[in-house]
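**Student:** predicted model and sequence below, questions to follow.
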Amino acid sequence: MSTPQASSSSHNQLDTKAEAWSALFSEPMSDLVKRYTSSVFFDKRMWQADIQGSLAHAEMLSAQKIIAAEDFAAIQKGMAQITAEIEAGSFDWKLDLEDVHLNIEARLTQLVGDAGKRLHTGRSRNDQVATDVRLWLRGEIDLIEGLLVELQRSLVEVAGKNVDVILPGFTHLQVAQPVSFAHHLLAYVEMFKRDAERMLDVRKRVNVLPLGSAALAGTTYPLDRERVARTLGMEGVSQNSLDGVSDRDFAIEFTAAASLCMVHISRLSEELIIWMSQNFGFIRIADRFTTGSSIMPQKKNPDVPELARGKTGRVVGHLMGLITLMKGQPLAYNKDNQEDKEPLFDTVDTLKDTLRIFAEMIGGQVNPATGAKEGGITVNAGNMRAAALKGYATATDLADYLVKKGLPFRDAHETVAHAVKLATQKGVDLTELPLAELQAFNPNIEADVFDALSLEGSLNARNTLGGTAPVQVRAQLAKHQARLG
Ligand code: ARG
């Protein structure tokens, strides 16, 4: 490490962090402290946001005559070269320069001299980093929105082919009432639709500009913050400099929305795992999403849904990490906040990969030769139907039938319990009890009871908005198809 020294206009290079401060420091940092305090090896992924923010700041400095137009031109030129170097992988990231901000600024100064040193006028790394994280996260939220649409499309496509496929609906994982498989899948579409709405809502509060807050108190230069916000496509500027540099609530909110989305994924994962077990045999997922066992040759394990269920814990853990990071921090910026990045980055990576893999596992991939999607889940309608016929899934329908004949619901419920008991003793379904035996429970029962007790009769009868009757399910499908395009 070179000796700390004050920068002068003849000294154009920042090779170490100490050179970015001043002559105040009398001893160099130890390697351990350097490694402990630096963030460049994870925050360099925000380089595009950092350059974008710097260019918007420099453009405004020049428009406000705080720096000369030639300085802005030099900064633009330098940043273009830095962009090319980073893209080519030739940029020399230095641990000594702590973070993405100092690395880029140092290289800029190396390339364009004093103009590079003027970039930091009216700015601090505190408002710079808050701006970078927001810009970066905004872009990621937009990608996540697209992936949520793809996942919903996959679910809607499979649902469209399975409106008349009936499976048992469960409560407490006990057979409850028969439902359309499409209806079941559309329940997840509703969840992911809300997740997408939540993301868009979070985006509004992410897309606010802290730049111009400077270190904490604002700055003495006549900045035009609104102009920078417009350049960056941000919806507003932060209204309090202390708040602007220090709060990471937007990152916490995003991670909360991501956690909920992963929780929905984990519920779906659990169902896929149950459905593909030998005891259910409702679906198969394509082999490329499963793995074999090293000891049991017959096994196909649902690794992808299981991992997604596991990774939900990881994302919820990041939410706990971030919220705890913020707790008890006094105003304004504290170095604690450097710890926001790894959990946030990992949340984004995990969520994006999971959404991508689920869209493909459920809906399949487009075959370029045919243009059709293939390789999504395979539905075994026969096994679903057989399961729906077990467990007296239409017992409620018999009760409803009796209510229509004038019996109060509570009495009808009791009567059906007796009928189910008899059928259980005989080892048959309610529909297999002879009419005379059913009539012994209630003389109003007639031959049309068997329609009511059929799976189709049961579904068709649930014809309320949001119910599982195929006509309702088709109406919902049409709405989702129109919305998702
Ligand atoms: N690397 C820092 C972070 O991630 C940038 C801001 C540093 N500011 C400071 N005053 N040390 O938060």
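**Tutor:** Everything's here; your move.

**Student:** quick one: contacts of the helix or strand of the chain with the lowest mean pLDDT?
**Tutor:** Confidence across the helices and strands of the chain bottoms out at strand 373-374, with a mean of 90, counting by mean pLDDT, DSSP states H and E. Here strand 373-374 makes contact (C-beta atoms under 8 Å, 6 or more residues apart in numbering) with 157, 363-367. The C-beta positions use only the backbone N, C-alpha and C, and glycine is treated the same way.

**Student:** state the next helix or strand along the chain beyond it.
**Tutor:** strand 378-379 (DSSP states H and E).

**Student:** and the host helix or strand of residue 272, how far out from the chain middle?
**Tutor:** Per DSSP H and E: residue 272 is located in helix 249-275. Relative to the centre of its chain, helix 249-275 is centred 7 Å away, using C-alpha atoms, centre = their mean, to the nearest Å.

**Student:** buried residues, it. List them.
**Tutor:** 250-262, 264-266, 268-269, 271-275 (16 or more other C-beta atoms under 10 Å).

**Student:** which of those come close to the ligand?
**Tutor:** Judged by C-beta under 6 Å from any ligand atom, the overlap between the buried residues of helix 249-275 and the neighbourhood of the ligand is nil.

**Student:** residue 55 is in contact with residue 228, correct?
**Tutor:** No: judged on C-beta atoms under 8 Å, residue 228 makes no contact with residue 55 at a distance of 10.0 Å.

**Student:** neighbour count for those two, which is higher?
**Tutor:** Set residue 228 next to residue 55 and count neighbours by other C-beta atoms under 10 Å: residue 228 wins out with 23 against 18.

**Student:** spit out the contact partners of that one.
**Tutor:** The neighbours of residue 228, taking C-beta under 8 Å, 6+ apart as the test, are 56-57, 59-60, 209, 211-212, 237.

**Student:** can I get the buried part of those residues as one PyMOL selection?
**Tutor:** Here is the PyMOL command that picks out the buried ones among the contacts of residue 228, judged by 16+ other C-beta under 10 Å:
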select buried, resi 56+57+59+60+209+211+212+237
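
**Student:** what is the nearest of the contacts of residue 228 to the ligand?
**Tutor:** residue 211 (12.9 Å; C-beta to the nearest ligand atom).

**Student:** if I look at the closest one, how far off is residue 218?
**Tutor:** Using C-beta to C-beta, to the nearest Å, residue 211 is found at 11 Å from residue 218.

**Student:** and residue 349, by the same measure?
**Tutor:** Look at residue 349 and residue 218: by C-beta to C-beta, they are 35 Å apart.

**Student:** so those two - more neighbours on which side?
**Tutor:** Remark: of residue 349 and residue 218, residue 218 carries more neighbours, 17 against 12, as counted by other C-beta under 10 Å.

**Student:** and the more buried one, helix, strand or coil?
**Tutor:** Under the three-state scheme (DSSP: H, G, I helix; E, B strand; the rest coil), residue 218 adopts coil.

**Student:** out of everything not next to it in sequence, what's closest to it?
**Tutor:** Leaving aside its chain neighbours, residue 218 sits nearest to residue 241 (4.6 Å; criterion: C-beta to C-beta, 6 or more residues apart in numbering).

**Student:** go ahead and confirm the one you found touches residue 209.
**Tutor:** No: Residue 241 is not in contact with residue 209 according to C-beta under 8 Å; the separation is 11.8 Å.

**Student:** ramachandran angles for residue 171?
**Tutor:** Phi and psi for residue 171, reported as degrees, to the nearest 10, are phi -130, psi 140.

**Student:** same question, residue 98
**Tutor:** Torsion angles, degrees, to the nearest 10, at residue 98: phi 60, psi -60.

**Student:** what's the answer for residue 133, then?
**Tutor:** Dihedral pair for residue 133: phi -60, psi -40, per degrees, to the nearest 10.

**Student:** quick revisit: quick check: neighbours shared by residue 211 and residue 218?
**Tutor:** With C-beta under 8 Å, 6+ apart, residue 211 and residue 218 have no common neighbours.

**Student:** for stretch 137-151, the distance to its chain's centre please.
**Tutor:** Mean-position distance between stretch 137-151 and its chain equals 8 Å (C-alpha atoms, centre = their mean).

**Student:** which strands and helices lie in contact with the helix or strand harbouring residue 403?
**Tutor:** Per DSSP H and E: residue 403 is located in helix 395-404. For helix 395-404, the helices and strands in contact under the criterion 3 or more C-beta pairs under 8 Å, 6 or more residues apart in numbering; DSSP states H and E are helix 409-426, helix 449-453, helix 455-461.

**Student:** cutoff 10 Å now
**Tutor:** If you count contacts as 3 or more C-beta pairs under 10 Å, 6 or more residues apart in numbering; DSSP states H and E, helix 395-404 packs onto strand 174-180, helix 409-426, helix 435-441, helix 449-453, helix 455-461.

**Student:** start and end of stretch 297-311, how far apart?
**Tutor:** End-to-end distance of stretch 297-311 (C-alpha to C-alpha, to the nearest Å): 27 Å.

**Student:** and the contacts of that stretch?
**Tutor:** Residues from elsewhere that reach stretch 297-311 (C-beta atoms under 10 Å, 6 or more residues apart in numbering): 262-263, 265-278, 284-293, 314, 317, 346, 350-351, 353-355, 357-358, 360-361.

**Student:** wait, what's in contact with residue 316?
**Tutor:** Contacts of residue 316 by C-beta under 10 Å, 6+ apart are 255-256, 258-260, 262-263, 266, 347.

**Student:** same question, residue 287
**Tutor:** 300, 375.

**Student:** and it, how far from residue 377?
**Tutor:** 12 Å.

**Student:** okay if I get the contacts of residue 316 as CSV plus pLDDT?
**Tutor:** Converted to CSV, the contacts of residue 316 look like this (pLDDT from 0 to 100):
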residue, pLDDT
255, 99
256, 98
258, 99
259, 99
260, 98
262, 99
263, 98
266, 98
347, 99
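
**Student:** what ranges does the stretch 201-350 of the chain have for its helices?
**Tutor:** Along the stretch 201-350 of the chain, counting by DSSP state H, counting those that start in this stretch, helices occupy 225-231, 241-246, 249-275, 303-326, 341-363.

**Student:** now swap in the stretch 51-200 of the chain and tell me
**Tutor:** Under DSSP H, counting those that start in this stretch, the stretch 51-200 of the chain gives helices at 69-88, 100-112, 114-118, 125-160, 181-206.

**Student:** looking at these, which is buried most?
**Tutor:** For the helices of the stretch 51-200 of the chain, the largest average neighbour count (mean count of other C-beta atoms under 10 Å) is found in helix 100-112, namely a mean of 23.

**Student:** of all the helices of the stretch 201-350 of the chain, which lies closest to residue 166?
**Tutor:** helix 249-275 (14.1 Å; C-beta to C-beta).

**Student:** restrict stretch 468-477 to CA atoms and write it as CSV.
**Tutor:** Below are the C-alpha coordinates for stretch 468-477, written out as CSV (Å, rounded to 0.1, in the frame of the first residue of the first chain):
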residue,chain,number,x,y,z
THR,A,468,-65.4,-24.7,-9.1
ALA,A,469,-68.3,-25.2,-11.6
PRO,A,470,-66.7,-25.6,-15.1
VAL,A,471,-68.7,-22.6,-16.3
GLN,A,472,-67.2,-20.4,-13.6
VAL,A,473,-63.7,-21.8,-14.1
ARG,A,474,-64.0,-21.1,-17.9
ALA,A,475,-65.0,-17.5,-17.1
GLN,A,476,-62.0,-17.1,-14.8
LEU,A,477,-59.7,-18.6,-17.4
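
**Student:** brilliant, that's me finished.
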